[in-house]
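Q: One predicted model, sequence on top.
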Amino acid sequence: MGLMSTVLKNVLSFTGLVIGAPTALPHGLNINGLAVAPQLGGSSAVGFTITADATNVTVTRLAEASSGAVSVYVERWHSYESALPTNQLAGLTPFFFAGGGSGGGGEGVFDNFVFRPGGVDGGNVYTTWPPLVAATQLVQGFKTIQIDSSLAAATVPAGVWDMTGAELTGFFPGAAPSSAFPALTIADGASFTNLRKIGGDLNVTNANTTAAPVVIAPAAGGFAAIFELGAGSTGDYPSIINTGGAAFFDLTGLLINQTFLLRLQGAIGGTFPAIQLGASPGNFAVTLYDSARVGAGMIVGTDPGAQIRIFNVGSGGQVNRQAGFAGTITYGQPSTAASIGNVPWFRTWVLPASVNQLATVPSTAAFTTGTGLGMATTLKFNTTAGDIGQVLPLIRAAAPAAGSSASTPGSLEAMGLVVIIKNEVGANDVNVTPDTTNTPDDTIDGGAGPVVIPPGGARIFQSDGVSNWSIVGGYL
C-alpha cells in the first residue's frame, strides 16, 4: 500500500466568527500520513486568538476584530529544515504572526475590559455585556471590568455571570460633577458567581426584586467568603444602592460560627435591606476603613444567636442602627488574651438644623432613624432659651419581620455604643434620661435619671447592649 501524500503547509479560511466563541477547522498537516502539529503560522488580520494541535486550528474572535473573517496560514518544518543539534525544533509550540499587527500569540490580550454602552466595539471596549464576560473568561488571573456610563446607561442584564478573578470598577477623572460618577444597574434576574471585589468611583444599583445577585454559600472553615467594597486593588469609594426589594448579599446559608467578612471603604444604602441573614445563626463582620458607611436598616436577620461584628480601623467609619437584626451587634471586641479587637473612635455628627440646637431652638434631639445617629455620637446643645431634656437611644428594640425594610423607634445596639452629650452654650441644664419604651425600662447606672449636665459640662454614656447606660467619662 502506498504512503499518503505529505502536507506541510496549508491556508484555512474562517468566516462568521462570533466574539468569544472558539471555532476549529482541521489543518490536514501530516508527514507520510502521520498527523503533525504546525510549528509556524500567520493570520490575515489582528483581533483573534489562535491555537493549534496535531489535528485542528482553533480561532477565537476578540472584540477588536474588524470582522468575523480571517485566513490562517500554518506550516510544519520538514526534517531537513529542522536539522539542528538534538532536533531542537521537534517540540516547538506553534506561534502565529498577525497581518497588520505587531505581536504574535499575545496580540489583543487585555486585563482591563471596558463596558461602554453607546460606544464603539474595539480593542478592550465592549458595548454589550455578554461578549465582555465571554472575553474575560479567556484571560487567566486578575482582571478589571471598568464601567463607563458616560454615553449611555450601563446595565447588567438578567442571567448568571461568572466574575472569577474580576473586579467591577469605575474611573472618575474629576472633571465633571459627582452625578457623572460611573453607574451600573444590576437588572432584575441578574446574578454573579464568584464576585468578590467592587472598587473605583462606581455607583452600583441593585434592581433585583426576588433574589440577591451575590449569594454566599457555606464553606469549610470559619470564613465563608471575604468581599472587598472599595478596599481592593482599585480602591476609592464605590457605593451599593439597594432599591429593588431583594438583598444584595444573601447570607442565609451561613452555618453557626461561619463568618462573611466585608472589607468596606465605600457606602451601602438604599430603600431595602442589602445584607440578609434570614434565620441563619452565622456572623457578618465588617472592617470599616476611611469614609465607610452602612445605612440604617441595611442588615436584617431573625436568629438571636447571629452576630454583627464591627471593626473600625479608619478615621470616619459609620454603621447606623440596624433595627431589623435580632442578634448581637459588637463594636470591636474587648481587649482580652483570647480576643483583641478595635474599639470605635469617637465621632461628631452633623445633625439637621431642626435637631442641631440653634441658638433660638432649644428642642430635644430625637434618636430616630431619620437622624442617622449611630455609634460614638456627639450631641452639642445650646441651652440659652432654657433647660433641654434629652432621651438616650433605646438600647434594644424588637426586630421587624424578616426582609422588612421597616424600622422601629430606637435601636438594636450592643456593647460599646457611646453617646457624648455636651452643654456647649447657655446658662441652663441638659437633663438626660434613659428610654422607657421597653419593659423593664432602660437605666443609667441602674437608675431612672435624670442625669443633669450643667452649663459647660459633658458626659460620656456607654451601653451594655442590654438595658443599662454607664457613665464612663466627662466633666461638670
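A: Arrived safely, thanks for sending.
Q: all contacts plus neighbour counts: C-alpha atoms, from now on.
A: Will do.
Q: how many neighbours does Leu138 have?
A: 14 (other CA atoms under 10 Å).
Q: can you give me the helices in this structure?
A: With helices called from DSSP state H, the chain shows them at 129-136.
Q: low pLDDT regions in it?
A: Scanning the chain for pLDDT under 70 picks out 1-4, 78-110, 173-179, 221, 232-235, 314-316, 321, 330-377, 394-417, 465-466.
Q: domains for it, by residue range?
A: Annotated domains of the chain cover 9-98, 112-331, 353-475 [automatic domain parsing].
Q: which of the ones you listed sits most buried?
A: The highest mean neighbour count among those, using mean count of other CA atoms under 10 Å, belongs to domain 112-331: a mean of 21.
Q: Distance from the chain centre to that domain, please.
A: Mean C-alpha position of domain 112-331 versus that of the full chain (CA atoms, centre = their mean, to the nearest Å) differs by 3 Å.
Q: How about stretch 450-467?
A: For stretch 450-467, the separation from the chain centroid amounts to 37 Å (computed by CA atoms, centre = their mean).
Q: Start and end of that stretch, how far apart?
A: Stretch 450-467 has an end-to-end distance of 16 Å (CA to CA, to the nearest Å).
Q: do stretch 246-262 as well
A: Start-to-end span of stretch 246-262 (CA to CA) is 19 Å.
Q: With stretch 149-164 instead?
A: End to end - CA to CA - stretch 149-164 spans 23 Å.
Q: cool, stretch 143-153 as well?
A: By CA to CA, the extent of stretch 143-153 from end to end equals 22 Å.
Q: now what about that stretch, what contacts it?
A: For stretch 143-153, contacts defined as CA atoms under 8 Å, 6 or more residues apart in numbering pick out 111-119, 136, 154, 165-171, 180, 182-184, 202.
Q: redo that, cut-off 7 Å
A: With CA atoms under 7 Å, 6 or more residues apart in numbering as the test, stretch 143-153 has contacts from 111-119, 165-170, 182-184.
Q: wait, Glu64 sits on Gly122?
A: Yes. The pair Glu64 / Gly122 is scored as a contact, 3.8 Å apart, by CA atoms under 7 Å.
Q: Find the nearest non-adjacent residue to Asp441, please.
A: Sequence neighbours aside, Asp435 is the residue nearest to Asp441 in space, at 6.6 Å (criterion: CA to CA, 6 or more residues apart in numbering).
Q: Distance of Pro455 relative to Gly28?
A: For Pro455, the distance to Gly28 (CA to CA) stands at 95 Å.
Q: Same question for Asp111.
A: Remark: distance between Asp111 and Gly28 (CA to CA) = 34 Å.
Q: what do you get for Pro213?
A: According to CA to CA, Pro213 and Gly28 sit 47 Å apart.
Q: and what of Glu64?
A: Noted for Glu64: a distance of 29 Å to Gly28, by CA to CA.
Q: about what we covered before: looking at the contacts of stretch 143-153, which are in strands?
A: Asn112, Phe113, Val114, Phe115, Ala166, Glu167, Leu168, Thr169, Gly170, Ala183, Leu184 (DSSP state E).
Q: ok, so of those, who is nearest Gly389?
A: Proximity of those to Gly389 was ranked by CA to CA; the top entry is Ala183 with 44.3 Å.
Q: For the closest residue in space to the closest one that isn't next to it in sequence, list the residues it contacts.
A: In space, and not counting its chain neighbours, Ala183 is closest to Asn203: 4.7 Å by CA to CA, 6+ apart. Contacts for Asn203 (CA under 7 Å, 6+ apart) come out as Pro182, Ala183, Leu184, Pro238, Ser239, Ile240.
Q: if I look at Asn203, how far off is Gly33?
A: 60 Å.
Q: can you check Asp464 too?
A: Taken as CA to CA, the span from Asp464 to Gly33 is 84 Å.
Q: now swap in Pro117 and tell me
A: Distance of Pro117 to Gly33, given as CA to CA: 51 Å.
Q: Mind listing residues that contact stretch 447-461?
A: With contacts defined as CA under 7 Å, 6+ apart, stretch 447-461 is touched by 418-434, 469-476.
Q: Ends of it, what's the gap?
A: OK, stretch 447-461 end separation, CA to CA: 13 Å.
Q: gap between it and the chain center?
A: On CA atoms, centre = their mean, the centre of stretch 447-461 falls 42 Å from that of its chain.
Q: what's near enough to touch the closest residue to His27 other than its chain neighbours?
A: Residue nearest to His27 in three dimensions, not counting chain neighbours: Asn56, with 5.5 Å by CA to CA, 6+ apart. Applying CA under 7 Å, 6+ apart to Asn56 gives the contacts Ala24, Leu25, Pro26, His27.
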